[in-house]
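J.: Output the structure for:
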Amino acid sequence: MTGEIEAVGDLATGSLTACAVEQAHGHGEERHAAHSLCLNCGTTLLGPHCHNCGQAAHIHRSLGAIGHELAHGVFHFEGKIFRTLPLLAWRPGELTRRYIAGERARFVSPLALFLFSVFLMFAVISALGAGLHMPEIDAEAEARTETEFARQIATADAEIAANRAARAEADRTGKPVAPIDAQARQLRDVRAALITSRDRMTESGDALSLNIRTGWKKLDKGIAKASANPNLTLYKIQSSAYKFSWALIPISVPFLALLFLWRRGHHIYDHAIFVTYSLSFMTLLAIALTLVGSIAMRLGRATDLIELAAMVIPPIHIYRQLRGAYLLRRFSAIWRTVALTIFCLLAALIFVLLLLGMGLLG
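T.: This next block holds a predicted model:
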């Protein structure tokens, strides 16, 4: 119940935040107010909205208007969402190019869409109780396994000692030693295999015990805490990352700019629009796959196709957006897609390290 309440709160916050970022065009009642001056800036009104500041001439002053504003933010997004999402899903390059070229009023701005989709994603995660987690280690089972390895190694040592005694007795009495030597080799191989298996189990258990020193005290402390309790770290990432998700935009833009250093006509602003729309799509894709995966698990169905979609759809979308936004040829778009996919992983790693370094996950 608490998760559902938090989800509603996140959704409402995201809607209002996105509406605050997105400029209003044509919002409000389509009729003139009784006065002829804008109540906000004092400009003479020439229509249902002030041509100077954009405020509606008719001002709501009722409780119902508050509910209308919230519902409008969540469901309508001024109608632009229904023109933006189809292009974002199927022709992201065209959407990016048209927005950069100045076609702004028809579409939801990339930043507004990104903020709304991020809040929506974490609302869905909170409502479904989904998210990242590490498998819990069964300490008792691990201890039993270690004890069993120790017992089997001790048994092998005892058999090797007995074999040596038999070998010495055979030498003393002049009996054949070849069978005893063959058995000795087998016993040593068994003991070596047991030790190797035990060591591999220990290494896998300590795989997250990172011993990294960067010189940045806060980051080193955060890495140590993440190593000690990875599940707590993942929980903090999920509960805190959305507040700083905007940082993914400035982190990602330089990587994209590197791919177009020798091409004129593309500016940092263009790359920022590309990155923000791309992040918005990836966030909405994560929401869709989370919902479908949750339904599939409840129905007892396999989620292999969902996992496949999570791996295949993002690079395809990046390819289509690159080719359409920058009017690239096929080969140019393909190699940039490969490079940008790698850069996305680096950007995500940098984002997590920044959260660790700022002490947000400590």
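
J.: Could you use CA atoms for every contact and neighbour count after this?
T.: Fine.

J.: Buried residues of the longest helix seen in the chain, list them for me.
T.: The helix spanning the most residues in the chain, taking DSSP state H as the definition, is helix 139-173. Neighbour counts over helix 139-173 (16 or more other C-alpha atoms under 10 Å) mark 149, 153, 156, 159-160, 163, 167 as buried.

J.: Return the mean pLDDT over it, rounded to an integer.
T.: On average, the pLDDT along helix 139-173 is 79.

J.: relative to helix 139-173, how tilted is the very next helix or strand once past it?
T.: Where DSSP states H and E defines the elements, the next helix or strand beyond helix 139-173 is helix 178-205. Per axes from the mean of the first three to the mean of the last three C-alpha atoms, to 10 degrees, the angle that helix 178-205 makes with helix 139-173 is 160 degrees.

J.: Which secondary structure elements does helix 178-205 sit against?
T.: Helix 178-205 makes packing contacts with helix 139-173 when contacts are defined by 3 or more C-alpha pairs under 8 Å, 6 or more residues apart in numbering; DSSP states H and E.

J.: Does anything pack onto the helix it packs on? Which helices or strands?
T.: Using 3+ C-alpha pairs under 8 Å, 6+ apart: helix 139-173 touches helix 178-205.

J.: What's the mean pLDDT across the helix it packs on?
T.: Helix 178-205 comes out at a mean pLDDT of 77.

J.: same thing with stretch 49-61?
T.: Stretch 49-61 comes out at a mean pLDDT of 76.

J.: residues of that stretch that come out buried?
T.: 49-50, 54-58.

J.: now stretch 296-303
T.: So stretch 296-303, judged by 16+ other C-alpha under 10 Å, has buried residues T303.

J.: same thing with stretch 306-314?
T.: 306, 314.

J.: next one: stretch 83-96
T.: Under 16+ other C-alpha under 10 Å, the buried positions of stretch 83-96 are 84-85, 88-89, 91-96.

J.: Ok, stretch 253-261 next?
T.: For stretch 253-261, by 16+ other C-alpha under 10 Å, it's 253, 255-257.

J.: R97 is in contact with A325, correct?
T.: Yes. Counting by C-alpha atoms under 8 Å, A325 touches R97, with 4.9 Å between them.

J.: okay, R320: pLDDT?
T.: Per the predicted model, pLDDT is 96 at R320.

J.: Quick check: R104 vs F281, distance?
T.: From R104 over to F281 the distance is 18 Å, taken as C-alpha to C-alpha, to the nearest Å.

J.: To clarify, my last question referred to M121.
T.: 11 Å.

J.: Filter the buried residues of stretch 83-96 down to just the ones in strands.
T.: Among the buried residues of stretch 83-96, none falls in strands (DSSP state E).

J.: Tell me the one of those residues nearest A247?
T.: T96 (20.1 Å; C-alpha to C-alpha).

J.: which residues does the closest one contact?
T.: 273-274, 277, 321, 325 (C-alpha atoms under 8 Å, 6 or more residues apart in numbering).

J.: Can you add distance to A347 and pLDDT and give the buried residues of stretch 83-96 back as TSV?
T.: Formatted as TSV, the buried residues of stretch 83-96 follow (distance: C-alpha to C-alpha, whole Å; pLDDT from 0 to 100):
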residue	distance to A347	pLDDT
T84	26	92
L85	25	92
L88	22	95
A89	22	94
R91	24	95
P92	21	96
G93	21	95
E94	25	96
L95	24	95
T96	21	96
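
J.: now, among those residues, which is nearest to R336?
T.: Closest to R336, out of all of the buried residues of stretch 83-96 and judged by C-alpha to C-alpha, is G93, at 14.0 Å.

J.: distance of the closest one from Y319?
T.: In terms of C-alpha to C-alpha, G93 sits 9 Å off from Y319.

J.: same deal with S294?
T.: 28 Å.

J.: just M121 next, same as before
T.: 24 Å.

J.: And S126, by the same measure?
T.: 31 Å.

J.: can you give me the helices for the protein?
T.: Going by DSSP H, the chain shows helices at 2-21, 63-71, 81-90, 92-100, 110-128, 139-173, 178-205, 217-228, 230-240, 248-258, 268-298, 304-326, 330-357.

J.: Looking at the ones you listed, which one is packed in the most?
T.: helix 110-128 (a mean of 24; mean count of other C-alpha atoms under 10 Å).
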